[in-house]
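1. fold the following, please.
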Amino acid sequence: MTATWRQLGVPGRAWLALAALLAGASVAAWWLPTAQLDWQPELALAQPWRAWTAVAVHWSEQHLLANLGAALAVAVFGWAAPLPLRAAGAWALAWPLTQAGLLVQPALAHYGGLSGVLHAGVAVASVWLVVTARGRARLIGATVFVGLLLKLLAETPWGPPLRTGTGFDIATAPLAHATGALAGVLCAALCLLMARRQRPVPRR
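-> A predicted model of the protein is given here:
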């Protein structure tokens, strides 16, 4: 067990492990009944596990494959950074909060997919680089963060809960991208603040 934790402590590894968990769960759930897993606001309190299991639900093969490809991209981003265990912890914390944020739109009766949590991962990674990195890495983080904001604004998540004509063979829920990004920013900020407070004070 100790050796496992040490391996996850290697920068980038915990991030890869979490990305693999999300992708693996999505593939495994392809053959499971979605009605028991997807996010449904009316069941948020009675069946809170849906805040976690909803990421594994995909409504079409195109939906699944697109999110698996995006998960790979987010995994590579975190590995190349490389992001520490705390950053992966922030992403894991943002996982259920992404779906919980959808409570602001009760008209979205069902939601499933990785995209919201992947947006959370991008937000965590970019904020982490902006705050902790230097030089080119910080510039990359800032560029990704600005690009993420522009993407969210273009999607107008404050509009109708479902959108069609976005290139997918299913309706999409832009609000999930926004709640994911917001959860990612907040969780990254919280974990960075905790790390700063736990940092030993240098002796004089």
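
2. what's the distance between the residue most central in space within the chain and residue 66?
-> Centroid-nearest residue in the chain, with C-alpha atoms, centre = their mean: residue 117, separated by 2.5 Å. Distance, residue 117 to residue 66, by C-beta to C-beta, to the nearest Å: 14 Å. C-beta coordinates here come from the backbone N, C-alpha and C atoms, glycine included.

3. what's the answer for residue 19, then?
-> Counting by C-beta to C-beta - residue 19 and residue 66 are separated by 15 Å.

4. residue 47 now?
-> Taking C-beta to C-beta, one finds residue 47 at 27 Å from residue 66.

5. higher neighbour count, the two?
-> Taking other C-beta atoms under 10 Å, residue 47 and residue 66 do not tie; residue 66 has more neighbours (17 against 14).

6. do you know how far the closest residue to the more buried one other than its chain neighbours is from residue 174?
-> The shortest distance from residue 66 to any non-neighbouring residue, by C-beta to C-beta, 6 or more residues apart in numbering, is to residue 168 (7.2 Å). Distance from residue 168 to residue 174, counting by C-beta to C-beta: 12 Å.

7. would you confirm that residue 148 contacts residue 120?
-> No: contact between residue 148 and residue 120 fails when scored by C-beta atoms under 8 Å: they sit 10.4 Å apart.

8. with neighbour numbers in mind, choose between those two.
-> residue 120 (32 against 20).

9. how about the more buried one, what does it touch?
-> Shown in contact with residue 120 (C-beta atoms under 8 Å, 6 or more residues apart in numbering): 91, 94, 95, 97, 98, 180, 181, 183, 184, 187.

10. show me what contacts residue 176?
-> 98, 99, 102, 111, 113, 115, 116, 119 are the contacts of residue 176 under C-beta under 8 Å, 6+ apart.

11. nice, that's everything, thank you.
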